[in-house]
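Participant: build me a model:
(one chain, ligands or ions: 2)
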Amino acid sequence: MRSILISDIGSIVGILPEGVNKKSGSEMSETGILEDAWLLVRDGKIVSFGTRYEGLPEADETISARGGMVLPSFCDSHTHLVYAGSRDGEFLDKINGLSYEEIASRGGGILNSADLLRRTSEEELYCQARERVLEVIRKGTGAIEIKSGYGLEKDAEMKMLRVIDRLKRETPALIKSTFLGAHAVGRGRTKREYVSDVCEKMLPEASSMADFVDVFCDEGFFTVEDTDRILSEAEKYGLRAKIHANELAVSGGVQVGVKHGALSVDHLERTTEAEIDALRGTETMPTMLPGASFFLNMPYGRAKEFIAAGLPLALASDYNPGSSPSGDMRFVWALGCIKMRLTPVQAFNAITINSAYAMGVSDIVGSITPGKIANLIITKPLRSLTEIPYLHHSPFIEKLMLRGEFFPSNRT
Ligand code: NIG
Ligand code: FE
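Facilitator: Ligands and ions are numbered 1, 2, ... in the order given. Below you'll find the model as predicted:
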């Protein structure tokens, strides 16, 4: 029953009433703000907040925010941060003009990471991934979805899922795992054989460890038919889909995702009105990954048009060695503003409540709401929320709290 009072808060940003689990269309331009405030945390949860004029509650410990803001920690609903080593060689190939598809078709790309991952021990893989989790926590992320997909055969995929499971238990981040066996066709298999492997060999075991299932439904990878088959099979195990769609082409991925009631469809660099129409009135969160557009020099998703059409929108990092080697959600926030022309508040909602929704945790994180987990960022004193994406690389974090404990704690 230890309680912590955060006093002298310049403003709390990201307040939401209980029960609001995402923001759509014009709601994305709003966020709840309370100035001259305090916030009370007990047993790892947000208990209450108020203004200093209402008087401060009793607590076991009081810390001053010294006029800084209190925000909910960022939620990153799409990462591949369990991977072995690096792909800096391909960085040079890209600089020299090769495209993502050209690198992949020469046997590089995802297959390169898969070769290296199979040669890397589980312990080593865990240590590398843990460093990345701690790195993104320090940058303000409190909840992270992590995919498999660099194993490409059953044992190595299970190794990745075990590593993610250990990260869930041994780091303070809130982590969800996604089985992405269908990330690329494993070496030595035809696509037909591989899709059967995913359905018949991998899914039965992976479904006991993973929270979600994913398919890379795109040109040169898996077709709408492959995706349909895999998602139908995954449904038998109760796995909901979060899929890769429309990164490299208008792939039909959005439509097949919606057909299966996907929690999210992600990437969306290449979309038409048909994708917007398909998403209207559904429970599927469109998720864009501006870090991949930035790194691969691809078009950015049509974020403003999605929002103007009344849709919700989440932004995530796609942290991975090939197309987005950064898990910095503040940078994602800045790219959302600078490259996609979202307002700072729209992009803030996209990296907090909506990305929490896209990983199935918006009932417990993603906003300042009594009863939610106390995953908080206390900022340095700032003139406005706008300063965070505007001064896009100036330090802005004063203190971090995860599950009601300051980070780093003695245990991390
Ligand atoms: O989301 N697009 C597919 N998968 C990843 C890239 C993975 C890789 O290149 O290693 C992505 O961009
Ligand atoms: Fe991805």
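Participant: CA only for contacts and neighbour counts going forward, please
Facilitator: Noted.
Participant: tell me the residues of the stretch 201-350 of the chain that contact ligand 1?
Facilitator: Applying Cα under 6 Å from any ligand atom, we find that the stretch 201-350 of the chain lies next to ligand 1 at 216, 318, 320-323.
Participant: can you name the residue of the protein nearest ligand 1?
Facilitator: residue 322 (3.5 Å; Cα to the nearest ligand atom).
Participant: what about that residue, helix or strand, and which?
Facilitator: Residue 322 is part of no helix or strand when elements are defined by DSSP states H and E.
Participant: now do it against residue 89, distance only.
Facilitator: Separation of residue 322 from residue 89 (Cα to Cα, to the nearest Å) stands at 10 Å.
Participant: okay, these two: which has more neighbours?
Facilitator: residue 322 (24 against 9; other Cα atoms under 10 Å).
Participant: for the more buried one, list the residues it contacts.
Facilitator: By Cα atoms under 8 Å, 6 or more residues apart in numbering, the contact set of residue 322 is 87, 90, 109-110.
Participant: if we use 7 Å, what do you get?
Facilitator: 87, 109 (Cα atoms under 7 Å, 6 or more residues apart in numbering).
Participant: the helix or strand of the chain with the lowest mean pLDDT: how far from the chain's middle?
Facilitator: Lowest on mean pLDDT, DSSP states H and E among the helices and strands of the chain sits helix 100-105, with a mean of 86. Centre-to-centre, helix 100-105 and its host chain are 25 Å apart (Cα atoms, centre = their mean, to the nearest Å).
Participant: wait, residue 332 sits on residue 317?
Facilitator: Yes - under the criterion of Cα atoms under 7 Å, residue 332 makes contact with residue 317 at 6.3 Å.
Participant: number of residues surrounding residue 308?
Facilitator: Residue 308 sits with 12 neighbouring residues when counted by other Cα under 10 Å.
Participant: and the pLDDT for it?
Facilitator: pLDDT recorded at residue 308 is 98.
Participant: does it touch residue 27 like I think?
Facilitator: No - Residue 308 sits out of contact with residue 27 when judged by Cα under 7 Å, with a separation of 10.7 Å.
Participant: flag the shaky bits of the protein, pLDDT-wise.
Facilitator: In the predicted model of the chain, residues 1, 410-412 satisfy pLDDT under 70.
Participant: any idea which helix or strand comes after the one helix or strand residue 227 maps to?
Facilitator: Under the criterion of DSSP H and E, residue 227 resides in helix 224-236. Of the helices and strands lying after helix 224-236 in sequence (DSSP H and E), the nearest is strand 240-245.
Participant: and that following strand, which strands flank it?
Facilitator: Here strand 240-245 has these sheet partners by DSSP bridges: strand 212-217 (parallel), strand 264-267 (parallel).
Participant: that's a helix at residue 388, yeah?
Facilitator: Yes - counting by DSSP: H, G, I helix; E, B strand; the rest coil, residue 388 is found in a helix.
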